[in-house]
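Asks: Predicted structure and sequence below. I'll ask about it afterward.
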Amino acid sequence: MEDVDRISDLPDSILTHILSFLSTKEAVGTSILSSRWRYIFTLVPNLHFDLSFISFFDKPLSLHETSLDRFHLKCREMIHGPRVYSWISTAVRRGVKHLDISISPDQFTSPGIMFTCRSLTTLKLDFTCSVLDVPRGVPFPNLKTLHLKSVEFLSDDTTKCLLSSCNNLEDLVIAHCNIENLFNFTISHHLLEIDYTFHEVLSKLPEKVAYCLLSKLKVMEILGFRNDKDVIEKAKYILKNVGALQKLTIRTLSNISKAKKLKISEVLLGSPRESKHCCILIV
């Protein structure tokens, strides 16, 4: 009795759903099975690429016929800038919603077209100290999550152009960024969570407390907490001014003893708190 390929007879929607559980490399590999499977992978709405698959990248992206839900590129080796621009442009043209780019380019400037994508709800960039050049009139009405790591902020104006356009931003992460060119930092008043890796350039506490801190910020985590007066004052400042704070997590350095942690907790628990329901966790 002749074998019957019942799987290939399934409709495109079901085959696409099956391929969505595979890695992008595995999904593209199904194109050699038969003529029926040749372009099915182009209908998968999620694309994830890393260095092991970089040489196969252009074909699946250029053949992609449907809108993209997620586009993830991770490459920590040297990569040609114009090639990255082309990939990002294609993802934007496909109306991508979740864009996650982690690369180590040389003298790489963020492509302007990335900031024209109105469909974005999540934007995560790790550019290894490359310039974040944001054009005016950035349209990010749907952006709720913004993670910036190892990028260089060009100026107050470009940063304001980016953050002022994110009216629905809820989750902001800024880590290991070069902010020497910044003097003012304005963020969305809808922000619920912020993850910021401290730089000495922001060591001075502002006299006027931002509105988002007073009434919106609910969760905050401080990493690499040291047992010195300056850092403890920062924590006390947060407790004193953040009225909506529900949870403050302090992760101390590994060399902080249990006795010192206990002393820190006594100091913070005894300091004035605007939020009477704030939970303080020291680990």
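Replies: That came through fine.
Asks: In contact with residue 97, which residues?
Replies: 68-70, 119-122 (CB atoms under 8 Å, 6 or more residues apart in numbering). For glycine as for every other residue, the C-beta is placed from the backbone atoms N, C-alpha and C.
Asks: For those residues, which entry has the maximal number of neighbours?
Replies: Ranked by neighbour count (other CB atoms under 10 Å), the contacts of residue 97 have residue 120 at the top, with 25 neighbours.
Asks: now that one, nearest residue through space, not along the chain?
Replies: Nearest non-adjacent residue to residue 120, counting by CB to CB, 6 or more residues apart in numbering: residue 143, 5.4 Å away.
Asks: before we move on, the earlier item: cross the contacts of residue 97 against helices and list the overlap.
Replies: Counted as lying in helices by DSSP state H, out of these, is not a single one.
Asks: Among those, which one lies nearest to residue 230?
Replies: Comparing the contacts of residue 97 against residue 230 with CB to CB picks out residue 122 as the nearest, at 34.3 Å.
Asks: The closest one contacts residue 96, correct?
Replies: No: counting by CB atoms under 8 Å, residue 122 does not reach residue 96; the two are 9.5 Å apart.
Asks: how about the strands in the chain?
Replies: For the chain, applying DSSP state E gives strands covering 46-49, 70-75, 98-103, 122-132, 145-153, 171-175, 193-196, 219-225, 247-252, 279-282.
Asks: which of the residues in stretch 131-148 are buried?
Replies: Using 16 or more other CB atoms under 10 Å as the test for burial, stretch 131-148 gives 131-134, 138, 140, 143-148.
Asks: Give me the contact list for that stretch.
Replies: For stretch 131-148, contacts defined as CB under 8 Å, 6+ apart pick out 108-110, 112, 115-126, 151-154, 158-159, 161-162, 165-175, 177.
Asks: Show me how to select, in ChimeraX, the buried members of those.
Replies: In ChimeraX, this line selects whichever of the contacts of stretch 131-148 come out buried by 16+ other CB under 10 Å:
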select :108,110,115,116,117,119,120,121,122,123,124,125,126,151,152,153,154,158,159,161,162,165,166,169,170,171,172,173,174,177
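Asks: how about the helices in this structure?
Replies: Secondary structure of the chain (DSSP H): helices at 12-19, 24-29, 58-63, 81-93, 156-164, 211-215, 229-241, 258-269.
Asks: Make TSV out of the ones you listed and add mean pLDDT.
Replies: Formatted as TSV, those follow (pLDDT from 0 to 100):
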stretch	mean pLDDT
helix 12-19	88
helix 24-29	81
helix 58-63	63
helix 81-93	82
helix 156-164	80
helix 211-215	64
helix 229-241	82
helix 258-269	86
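Asks: Which stretch among those helices approaches residue 48 most closely?
Replies: Of all the helices of the chain, helix 24-29 comes closest under CB to CB, at 5.0 Å.
Asks: just checking, what packs against the closest one?
Replies: Helices and strands touching helix 24-29, by 3 or more CB pairs under 8 Å, 6 or more residues apart in numbering; DSSP states H and E, are strand 46-49, helix 58-63.
Asks: ok, residue 124 to residue 226 distance?
Replies: 28 Å (CB to CB, to the nearest Å).
Asks: Sweet, I'm off.
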